[in-house]
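>>> this one's sequence-less:
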């Protein structure tokens, strides 16, 4: 089973429905306006001054950021997806976010793997698929992501995308319990004392 099989189409809108390939934009043969006409996606709003400027090198939805994303820079792809993934995103913008998250996830970007896993899990901009959700969440959890580990535990408890396995669920829940309260609460609900946490107070 591979993540590539779940992403080759099936997006709800935007360029992503065209075989997962895009033409170039800045620095190539398309202007920004031509790109958006082709994509059928409204550009995300310009960043408020001072918000995350240093974090993304003052390239919040700039030609430089987009050029890096098209060149295959996974951090740029993640940040471009993040630009689209707003609370007020249209379906087309959400699809565009999914496209770029998937590009970054395929290159091993941890947060993108988590987001794509959750998109598949909840059917956000992608067809709902427990199988694909498990694929990406497992990859993310194996990189040490605590929230992905927690979600894997829940998937094993519910038998979603995997065969139900309480022992395996507990193993993943313990991996996620150092940083988050939710897996600790779930372990207690199963009658298991959570392991000591480096980040949460005793009893959390």
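Right, received. Where do you want to start? Not measured: the values here are computed from a predicted model. Numbering: from 1, shown residues only.

>>> Does residue 169 touch residue 156 like I think?
Yes. Contact between residue 169 and residue 156 holds when scored by CB atoms under 8 Å: they sit 3.6 Å apart. Bear in mind the C-beta positions are built from the backbone N, C-alpha and C, glycine included.

>>> domains of the chain?
In terms of domains, the chain is parsed into 4-130, 144-204 (source: automatic domain parsing).

>>> rank the ones you listed by pLDDT, which is bottom?
Ranked by mean pLDDT, those bottom out at domain 4-130, which scores a mean of 68.

>>> contacting residues around residue 176?
Residue 176 makes contact with 141, 146, 147, 148, 149, 150, 151, 152, 153, 182, 183 under the criterion CB atoms under 8 Å, 6 or more residues apart in numbering.

>>> dump the residue contacts of the first one.
Translated: residue 141. Residue 141 makes contact with 148, 149, 151, 152, 172, 175, 176, according to CB under 8 Å, 6+ apart.

>>> 7 Å instead, please
For residue 141, the contact set (CB atoms under 7 Å, 6 or more residues apart in numbering) comprises 148, 149, 152, 172, 175.

>>> so the fourth one makes contact with residue 154?
Meaning residue 172. No. Residue 172 lies out of contact with residue 154 (CB atoms under 7 Å); the separation is 8.4 Å.

>>> tell me the SS of the spatially closest residue to residue 158 that is not a sequence neighbour?
Of all residues beyond its chain neighbours, the one nearest residue 158 is residue 164 (7.0 Å), with distances taken as CB to CB, 6 or more residues apart in numbering. Per DSSP: H, G, I helix; E, B strand; the rest coil, the secondary structure class of residue 164 is coil.

>>> what's the answer for residue 202, then?
For residue 202, the assignment made with three-state DSSP gives coil.

>>> mind checking how far it is from residue 179?
As judged by CB to CB, to the nearest Å, residue 202 and residue 179 stand 15 Å apart.

>>> mind checking the longest helix of this structure?
The helix that spans the most residues within the chain, counting by DSSP state H, is helix 91-106.

>>> just checking, what packs against that one?
With contacts defined as 3 or more CB pairs under 7 Å, 6 or more residues apart in numbering; DSSP states H and E, the packing partners of helix 91-106 are helix 74-84, helix 110-122.

>>> Now do the phi/psi pair for residue 154.
Here is the backbone geometry of residue 154 (degrees, to the nearest 10): phi -70, psi -40.

>>> and the residue nearest to residue 158, how many neighbours does it have?
Other residues within reach of residue 164 by the criterion other CB atoms under 10 Å amount to 12.

>>> tally of neighbours for residue 168?
A count of neighbours around residue 168, defined by other CB under 10 Å, yields 16.

>>> List the buried residues in the longest helix of the chain.
By neighbour count, and taking 16 or more other CB atoms under 10 Å as the criterion, the buried residues in helix 91-106 are 92-106.

>>> the helices in the protein, which residues?
Defined through DSSP H, the helices belonging to the chain, from first to last, are 4-7, 32-39, 63-70, 74-84, 91-106, 110-122, 130-142, 146-158, 166-176, 181-189.
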